[in-house]
Structure formats: C-alpha cells, structure tokens
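Enquirer: got a sequence here, can you build the structure:
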Amino acid sequence: MLGFRLLSAELRERILSEAFALLEQTGVRVGDAEAIDLLEESGARADRDRGIAFIPEGAVRAALSTVPGGFALCDAEGSPRVAYGGDAVHFDPGSSAVRVLDPETGAHRPGTSDDLVRLVQIAEVLPQFDAQSTALVCSDVPREIGDLYRLYLVLLHSCKPIVTGAFAAGTLPIMLEMLEAAVTGSRPFLPVKLVVFPEFAHAAPVYPTVAELLERLAG
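Expert: The predicted structure is shown next:
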C-alpha cells in the first residue's frame, strides 16, 4: 500500500520532544477548575492564580495510552460515516472563519447566520466532505452564545457527522446537552452513537518578548 509522509521520523521525534517540553516548562492555560483538579491528580503542577497547568511528559504518555487507536463518527441515521485512525484521511469545511466574501458584492465582511447555513447546505451535498464543521462565527448573534448557536444551525441543517468546539467553559455544558438531545432523539429505534467530535484548543501563556519566553523555557 502506498504511503505519503511529509515528516521524517527524526523530525517527528523532535516535534514531540519540543511539545512535551512546552507542556511541562511553559504550560498551558486551563480555564476550568475541575479540569485543573484532574490534571493535578494525574501528576501535573498547577499555578491556580494564573490558571496555568504544567503537564509532565509521563502524564501525557499515560493519558495517550488509554485512548483507542481509532473511532468512527456516525451520521444522523446512526451509520458510520467517518473513521478516524490509521492512515484514513477525511475532510470537513474547517474552522473557524470570522469573515466571508459576499457572494453578491464580493465585499469582505463579517460572517452571518445566513452565510453559515449556506455553507452547511453546500457541504451537505458535496461528497468530498465526509463531515460538517461549525466553520463560521456568526456576527449577528451575541458573542456569549456564538459557539452553541453555530452548533445549533449545523445540527438543524445537516445529517452528516460534525466537528465542533466551544469558545468558553460556560457554554460547554449547554452544548453537551444539545448533543445529547441530538443523539438520543432516535431512541429506542437506534443505538446512541458518536455523531459529534469536539475540538479542544489549549492556549500557551503569552510572553511580551522573545527574551522572556526563552528565559522561561531555559528555566
């Protein structure tokens, strides 16, 4: 079977080594107290005043050893549609644009709910997209509900699996309730299967100058 490799084994190991160093020495911002509790229980060190967790390599590798080698996302009918794992490659519209080119005027402007619905409808009929995503931030709704509102629109207009993410810890429980309602609505006729894959992005602490960052890394 033919394979395609962009990175050499040596470069992959260097990337992993530097990533482990960043996690342990620079740390990541964690905006949820319960998450910090869990990280500390797993061996991480936390600066609670700044909301930063310093995660050692051993804790990361131990966590990785518990996850499956692959999993499937199902469509709204419960059929496996996207298989993550191995060398499988799948595409979704991506995340997360904040501006669009107006289809009528060509003007560069903030995205709206209508733009997201139009994008979802197009991605729904394109076979090149195996999954949907909450690909656009809607400027016509309050920022406080922006993440859960765009998920609502995709759930409303699509039957494909969805890749999404939360903007804040406060809206995450509501998004989880929305997802639970979406996947349990077929009970008892269909078993509950994974329809949505959540993305989580961790932000590293920002230092004003390169010198301060290097000093922190050296320490």
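Enquirer: gap between Q132 and A97?
Expert: 14 Å (Cβ to Cβ, to the nearest Å). C-betas here are computed from N, CA, C, even on glycine.
Enquirer: which of these two has more neighbours?
Expert: Neighbours were counted for Q132 and for A97 using other Cβ atoms under 10 Å; Q132 has more, 24 against 15.
Enquirer: who's in contact with the more buried one?
Expert: Contact analysis of Q132 by Cβ atoms under 8 Å, 6 or more residues apart in numbering lists D92, P93, V120, A123, E124, V154, S158, K160, P161, I162, V163.
Enquirer: among those residues, name the ones in strands.
Expert: Secondary structure from DSSP state E places I162, V163 of those in strands.
Enquirer: neighbour count for the contacts of Q132 - can I get that in JSON lines?
Expert: Shown next, in JSON lines, are these (neighbours: other Cβ atoms under 10 Å):
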{"residue": "D92", "neighbour count": "22"}
{"residue": "P93", "neighbour count": "21"}
{"residue": "V120", "neighbour count": "24"}
{"residue": "A123", "neighbour count": "22"}
{"residue": "E124", "neighbour count": "14"}
{"residue": "V154", "neighbour count": "25"}
{"residue": "S158", "neighbour count": "19"}
{"residue": "K160", "neighbour count": "22"}
{"residue": "P161", "neighbour count": "25"}
{"residue": "I162", "neighbour count": "23"}
{"residue": "V163", "neighbour count": "22"}
